[in-house]
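Visitor: pasting a predicted model and its sequence here:
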Amino acid sequence: MAPGCIQYDLHVSTNEPEVVLFVETWESEDAWNRHMRSQAIEEFRRTGGHLIGQFSLQTYRKIA
């Protein structure tokens with residue numbers, strides 16, 4: 001796992017197998033931002049980014 005990542009889960013829709021959901025828990029927003037600027041993410045964008053169709057990023061904070 002990337003530094004600062006506490007948990008990383010990948011889910012697939014049971015009725016739309018082409019729809020996936022990543023759920024990630026990070027120590028901080030700064031840790032996530034560092035990850036998103038990392039060499040691994042840049043490499044993915046270059047080589048696999050075309051595999052992503054529609055994309056939506058949503059952020060949440062734990063309240064309980």
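Guide: Structure's in. What do you need?

Visitor: over to stretch 46-56 now: how far is its first residue from its last?
Guide: 19 Å (Cα to Cα, to the nearest Å).

Visitor: which residues touch that stretch?
Guide: By Cβ atoms under 8 Å, 6 or more residues apart in numbering, the residues outside stretch 46-56 that reach it are E18. For every residue, glycine as well, the C-beta is placed using N, CA and C.

Visitor: and the residue nearest the centre of the protein?
Guide: Nearest to the mean C-alpha position of the chain, by Cα atoms, centre = their mean, lies F22 at 5.3 Å.

Visitor: got the contact list for the residue nearest to E24 when sequence neighbours are not counted?
Guide: Computed as Cβ to Cβ, 6 or more residues apart in numbering, the closest residue to E24 that is not its neighbour in sequence is Y8, at 5.2 Å. With contact set as Cβ under 8 Å, 6+ apart, Y8 has these partners: 1, 22-25.

Visitor: in the protein, which spans are strands?
Guide: With DSSP state E as the criterion, the chain has strands at 5-12, 20-26.

Visitor: send the alpha carbons of the first one over as CSV?
Guide: The C-alpha atoms that make up strand 5-12 are tabulated as CSV, following Å, rounded to 0.1, in the frame of the first residue of the first chain:
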residue,chain,number,x,y,z
CYS,A,5,-3.0,4.8,3.0
ILE,A,6,-4.8,3.1,5.8
GLN,A,7,-7.2,1.0,3.8
TYR,A,8,-7.9,0.3,0.1
ASP,A,9,-10.9,-1.7,-1.1
LEU,A,10,-12.1,-2.4,-4.6
HIS,A,11,-15.7,-3.3,-5.3
VAL,A,12,-17.6,-4.3,-8.4
